[in-house]
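next come a sequence and a model predicted from it.
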Amino acid sequence: MATIAHEIPQVAPEEVNYLNVEHGWKSWLLTTDHKRIAMLYLFSITAMFFVGGLMAVLFRINLLQPEGIFSPETYNRLFSMHGIVMVFLFLVPSIPATLANFLIPIMVGAKDLAFPRVNLLSWYLYIAGAAFTLYAIVRGGVDTGWTFYAPYSSTYSNSYVLAAAMGIFIAGFSSILTGLNFIVTVHKMRAPGMTWGRLPLFVWSNYATGLIQVLGTPVLAITMLLLAFERIAHVGIFDPNIGGDPILFQHLFWFYSHPAVYIMILPGMGVISEIVSCFSKKRIFGYNFVAFSSMAIAVLSFVVWGHHMFVTGESVYTGLAFSFLSFMVAVPSAIKVFNWTATMYKGSISFDTPMLYVFGFIGLFTIGGLTGLHLATLATDVATHGTYFVVAHFHYVMVGGMVMAFLGGLHFWWPKMTGRLYPEGWSKFSALIIFIGFNLTFFPQFILGYLGMPRRYQSYPPEFQALNVLSSAGASILGIGYLIPMIYFVWSWKYGPKAGSNPWGAAGLEWQIQSPPTTFNFDETPIVKEEAYNYGKLEEILG
Amino acid sequence: MWASSFPFADLQLFPVAASKQATQIDQLYWFITAVSAVMTLLIFACLLAFAWKYRRRVQVESTQIEGSTKLELTWSILPFLVMLIMFAWGAQLFFAAQNPPKDAMEIFVTGKQWMWKVQYPNGGSEINALHVPVNQAVKLTMASEDVIHSFSIPVFRVRHDVMPGHYNSLWFTPTKPGHYHLFCTEYCGMEHSGMVGWVDVLNDRDYANWLAGGGTGTAGSLVEQGRSIFMQNGCSTCHLQDQQGRCPVLRGLYNKPVQLADGRTVIADDAYIRESILEPNAKIAAGFQPNIMPVYKGQLTEANVIQLIAYIRSLSPNEPASQQGDQQRPVVIAPTDANSSNSGTSR
Amino acid sequence: MADAVMPVAHEAISPEEEIYLKHHFATPGQQMDADTLGMWTFLITEVLFFGGMFASYAVYRNLYYGAFASTSKYMNVTLGATNTAVLICSSLTMAMAVRSAQLSKRAQLIRYLFLTMIFGTIFLVIKAFEYHDKYVEHLIPGLGFQYEQFPQYEHNAQILFFLYFAMTGMHAIHMIVGLGLLSWLAIEAYRRKYNENYFTPVEMVGLYWHFVDIVWIFLFPLLYLIGDR
């Protein structure tokens, strides 16, 4: 069983790196170093994660009792803000703005992203968007659901729709700029010898994500603007009383928000590829297929949005087309799962914390993805739309999938980003707690959903109580599971043992430079001669 | 602390299947679930097997394998073919759900924040409740007064969004008498979780008793209610009594093609009649430009419109007139052939 | 592929180029390539941004054809056509400005930048007159919209006029931003920042300006020319 290589530091403890090269708030707030910006993002999105998480804790407490505990108004605002914060201020930026921001330049052999100042601007836009959203929360919240359906959101709601919509509008530009930066970096900044076919799959995934961010998010932006005009001036574009069409809002909204869910999973898939190959000491099985599947997902993600609207009365032929395309988009995801599993075949597997998160991801993403089939199928979607079945499905893929991948990636690259190791016992323990807590929270929701319990309900029929109690119990365990890493990560920053440049014995350019890296990453431009994941050769080198 | 005495006492894990559609959808649901379970177990088994067999041991090296195109194609194409079965099966059931049988009993539902108003052809109405006879196809025609709602009866596995501005419909054939939930399943504001009710499926004898009991308060049939609104709001002045041809004739109009002033031809179905009452300027009939009909939006509720439509239907001789309230069963009003959820605002 | 792997600089980079070369790029060519791809990608996002409004326009025009036809009486084709000509001229002067920078002709560059700004300003002034006319005729949704001539179309026309203002207004905002960018370019040009070794910002703003022009080329026929005359 592999142990973490506790290397004796080869250099003096005061080696210069991107963290200690400069001090002071100006050096952070005006930085253009992609690694510092990644850390700024990491701090911000973690804070937003706990804001969104706190709301979840509160409404799961409400759901312990069939008649609820909070008032419906409060409950409605809690779930709406939970969705808005978690989707737009946590999941969409998560891996791209933190891990990918940090790693992509290094992985392609560059000194920084193509546009470092645009990178900093994107963080400020994120903060501005978060500020508007927090303002909306503090003033009392929004109660439209994160989907803002008209005409409720445009004409009837008495909550801070405008502030929240503007927060999302601004944060959207943060996402667009991040994606733009990644696309240009991958095209133009690769080191000599780093061909497209040698790129780490983490780069492919984030490149595909960048394509979606750049093409989809502008439509969200214009949708939020149109909603804002409707709300301020009652122009009528979505008001059925004067001939406006609420379904148009849904089409515009989902045209972005469906691709958005792939923004919220592709980077996680990239992380899994990196970790599974490292901890199986094997190249990824089917590299070309995995890379191609990221691009296929990006393309197909734009043509399936209508599956959110099967019960709105859109024509059956429209429904047919979207259902068929939704099945198609499932195939590349399945390809990835099979390839990751096949990577472990005849590997040499160690069960460090990042690998535990990989196992968790593959299991939970598989379940979540397969329940998507129930929703892609027209007739069963009619039975499950708007119920907890949908809630369970998307939490399995977004939380069981993406959040686990994010945590796995954090644990994998933490030694690189901070130069420190965290306590392995605690990290494994919290991975287990998270896995158990997650399943207890969300599996009962599949059952509740098919039983008919609608989503966004403050109160429910008494026969649903048992499953709701199970779910809320799971949520409390899950919450504890998320808190523990906060504690030991912070602890490790100061007290963790120093990590060397490659504690995991991993392949990849990022593991060949010091931990933490210097500001410009490389002393000299690397020249790439190997394929990605050259674990066969590495074994000889590292022993 | 618990609302019920013991929360696990009435724990259900799978809903009753109380309609023909429910049984069919459950079969498909189980097929998808079985395929998913097999796939999940396969992956889990591989993961566990590999985790055990290939756990890291000193002296044992990993074998670098680049991939296998054959394997990739197999595990892409085979699952896709299985998914095509799901797609086709689901599509077939979905199509069937769009086409109610001709003898379906038509009941009207209006959703508004935060309650459901149900109107029967015999003129009765209820709030948040629906009484239907077993083994009789029922078609619900629905509209919203305000925001988007969604009408759902889990045990029938039916659901449809209820829109402001046009009609949507769903249909089912109940097969098991019982007392079942109905829910609003599209978030609609503060009391979204209060917009719930009960569906009672009654066997023949109980249904007859319910009809006779007049529990829904009949004030004449739906057609009669419509006639009285028609008279009270001055519609009869132009549309029935007028001799100068100022207004389109309503007798024999229902479900017939109408030529519009802008050249289009539309069918005078429920949606057309509703729009013509509430927004008469939207589709002006040829020869009746400029429009002189007042706009009734804001003066008539969706429930009133349903009553008027019933009356106007009765003016077409081949549409069976609706019965009085003392019949054993309400006679079916023939459903429209045209897609009644269109009012020029379909996608 | 045209997009280069980061080149290892074989020749030394001249001192003139060194000033402009940012530290994370290996050669000026790579920097120019990256900047160009970045601007094109940004313009694609703008296409999608306007696209949402074009889609809404298509939907409502199709639904409410009668109302749409009635709105065309209020579109001033003369002013619209003038604006089109003005913008096309401004694109010409912008292209000439880029050319001047490429030839290190500073005075000419500044002149062409000013000409472009003048054309842009003329466009906005004409637009302001058009908007004022609409205001006087009560055709601004949300500001006492009334449709006296065709009351039967009032509701639907309100939506269509909103889209007119949203699309032309968003375009006008992009033009104002463009004017700001041009002013900045003129100042930098005055400070001798641009020459044959380095003219990327001029070219990038040029790309942006041409894009804004092209959006108008789509707006003009769709809003002004199609209709019932």
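Structure's in. What do you need? Keep in mind the model is a prediction, meaning the values are calculated, not measured.

which non-adjacent residue is nearest residue 87?
No chain specified, so I'll use chain A. A:Trp146 (5.6 Å; CB to CB, 6 or more residues apart in numbering or on different chains). (Each C-beta comes from the backbone N, C-alpha and C, glycine too.)

wait, chain B was what I had in mind.
Leaving aside its sequence neighbours, B:Phe87 sits nearest to A:Phe327 (CB to CB, 6+ apart; 5.3 Å).

returning to that earlier point: you'd agree the residue nearest to A:Val87 is up against A:Leu89?
No. The pair formed by A:Trp146 and A:Leu89 falls short of the contact definition of CB atoms under 8 Å, at 10.8 Å.

would you map the helices across the stretch 51-200 of chain B?
When assigned using DSSP state H, counting those that start in this stretch, the helices of the stretch 51-200 of chain B occupy the ranges B:69-98.

nope, the stretch 101-250 of chain A is what I meant
Ranges of helices in the stretch 101-250 of chain A, per DSSP H, counting those that start in this stretch, are A:101-108, A:116-138, A:161-188, A:201-233, A:246-263.

for B:Ile65, find the nearest of those.
With CB to CB as the criterion, B:Ile65 lies closest to helix A:201-233 of these, at 15.8 Å.

any residue of that closest one touching chain B?
No. Judged by CB under 8 Å from any CB of the partner chain, helix A:201-233 stays clear of chain B, getting no closer than 12.7 Å.

and that helix, what other elements does it pack with?
Contact analysis of helix A:201-233 by 3 or more CB pairs under 8 Å, 6 or more residues apart in numbering or on different chains; DSSP states H and E lists helix A:101-108, helix A:161-188, helix A:246-263, helix A:266-280, helix A:287-300, helix C:28-63, helix C:154-190 as its packing neighbours.

same question for the second one, mean pLDDT?
In other words, helix A:161-188. For helix A:161-188, the per-residue pLDDT values average out at 97.

any low-confidence regions in the chain?
Using chain A. A:1-14, A:539-543 (pLDDT under 70).

correction: the question concerned chain C.
C:1-12, C:228-229.

the residue lying closest to C:Val98 once chain neighbours are set aside in helix, strand or coil?
Leaving aside its sequence neighbours, C:Val98 sits nearest to C:Gly206 (CB to CB, 6+ apart; 4.6 Å). Recorded secondary structure, C:Gly206: helix (DSSP: H, G, I helix; E, B strand; the rest coil).

who touches C:Gly206 in this structure?
The contact partners of C:Gly206, taken as CB atoms under 8 Å, 6 or more residues apart in numbering or on different chains, are C:Met94, C:Ala95, C:Ala97, C:Val98.

list the buried residues in the strand or helix carrying the third one.
Using DSSP states H and E, C:Ala97 sits in helix C:77-102. Neighbour-count burial for helix C:77-102, counted by 16 or more other CB atoms under 10 Å in any protein chain shown, picks out C:80, C:83-84, C:86-87, C:89-91, C:93-101.

do stretch B:245-259 as well
Residues B:Cys247, B:Pro248, B:Leu250, B:Leu253, B:Tyr254, B:Asn255, B:Val258 are the ones in stretch B:245-259 that count as buried (16+ other CB under 10 Å).

what's around the residue of chain C found nearest chain B, how many residues?
Residue nearest to chain B within chain C: C:Gln152 (3.3 Å; CB to the nearest CB). Each residue near C:Gln152 was counted by other CB atoms under 10 Å in any protein chain shown, and the total is 20.

if I look at it, how far off is C:Thr71?
The gap separating C:Gln152 from C:Thr71 is 13 Å, by CB to CB, to the nearest Å.

list the contacts for the closest residue to chain A within chain B?
Nearest residue of chain B to chain A (CB to the nearest CB) works out as B:Pro154 at 2.6 Å. Shown in contact with B:Pro154 (CB under 8 Å, 6+ apart): A:Ala383, A:Thr387, A:Leu451, A:Gly452, B:Pro15, B:Tyr180, B:His181, B:Phe183.

so which of those residues are in strands?
Among the contacts of B:Pro154, the residues falling in strands (DSSP state E) are B:Tyr180, B:His181, B:Phe183.

what's the burial count for the last one?
What that stands for is B:Phe183. B:Phe183 has 24 nearby residues by other CB under 10 Å.

in this structure it contacts B:Val196, no?
Yes. Taking contacts as CB under 8 Å, B:Phe183 lies within contact range of B:Val196: 5.2 Å.

re earlier: what about the residue nearest to B:Phe87, which SS state?
helix.

right, and it touches B:Ile85 too?
No. Applying CB under 8 Å, one finds A:Phe327 not in contact with B:Ile85, separated by 10.2 Å.

where in the stretch 1-150 of chain B is pLDDT low?
Low-confidence regions of the stretch 1-150 of chain B, defined by pLDDT under 70, span residues B:1-10.

residue ranges for the strands of it, please.
With DSSP state E, counting those that start in this stretch as the criterion, the stretch 1-150 of chain B has strands at B:105-112, B:115-119, B:125-127, B:129-133, B:138-144, B:149-153.

so which elements touch the third one?
Counting by 3+ CB pairs under 8 Å, 6+ apart, the packing neighbours recorded for strand B:125-127 are strand B:115-119.

relative to the strand it packs on, what are the paired strands and their orientations?
strand B:105-112 (antiparallel), strand B:125-127 (antiparallel) (DSSP bridges).

for chain B, what's its nearest residue on chain A.
Here the residue of chain A nearest chain B is A:Gly452; by CB to the nearest CB that distance is 2.6 Å.

which phi and psi does that residue have?
Backbone torsions of A:Gly452, given as degrees, to the nearest 10, read phi 120, psi 0.

and if you look at the one 3 residues further on?
For A:Arg455, the backbone dihedrals (degrees, to the nearest 10) come out as phi -80, psi 160.

that one against A:Val390, yeah?
Yes. Counting by CB under 8 Å, A:Val390 is a contact partner of A:Arg455 at 6.5 Å.

report the closest residue of chain C relative to chain A.
Across chain C, the shortest distance to chain A (CB to the nearest CB) belongs to C:Gly142, at 2.9 Å.

and that residue, what does it touch?
C:Gly142 is in contact with A:Phe229, A:Ile232, A:Ala233, A:His234, A:Val235, C:Phe162, counting by CB under 8 Å, 6+ apart.

out of those, which end up buried?
For the contacts of C:Gly142, buried by 16+ other CB under 10 Å: A:Phe229, A:His234, A:Val235, C:Phe162.

could those go into TSV alongside distance to A:Met402?
Listed next are the buried ones among the contacts of C:Gly142 as TSV, based on distance: CB to CB, whole Å:
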residue	distance to A:Met402
A:Phe229	33
A:His234	38
A:Val235	37
C:Phe162	38
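
report the two of the residues you listed separated the most.
Pairwise distances across the buried ones among the contacts of C:Gly142 (CB to CB) peak at 9.9 Å, for the pair A:His234 and C:Phe162.

which neighbours do these two share?
Both A:His234 and C:Phe162 are contacted by C:Pro141, C:Gly142, under the criterion CB under 8 Å, 6+ apart.

quick one, which of the helices of the stretch 101-250 of chain A is nearest to B:Ile229?
helix A:246-263 (27.5 Å).

would you mind giving the orientation angle of that closest one with respect to helix C:28-63?
Put simply, helix A:246-263 runs at 150 degrees to helix C:28-63, going by axes from the mean of the first three to the mean of the last three CA atoms, to 10 degrees.

returning to what we had before: residues in contact with the residue nearest to B:Phe87?
Here A:Phe327 is in contact with A:Leu373, A:Ala376, B:Phe80, B:Met83, B:Leu84, B:Met86, B:Phe87 (criterion: CB under 8 Å, 6+ apart).

ok, so of those residues, who is nearest B:Ile292?
Relative to B:Ile292, and with distances defined as CB to CB, the nearest of the contacts of A:Phe327 is A:Ala376, at 50.6 Å.

wait, B:Val109 touches B:Trp116, no?
Yes. B:Val109 lies in contact with B:Trp116 (CB under 8 Å); the separation is 5.9 Å.

before I go, just wanted to say thanks for your time.
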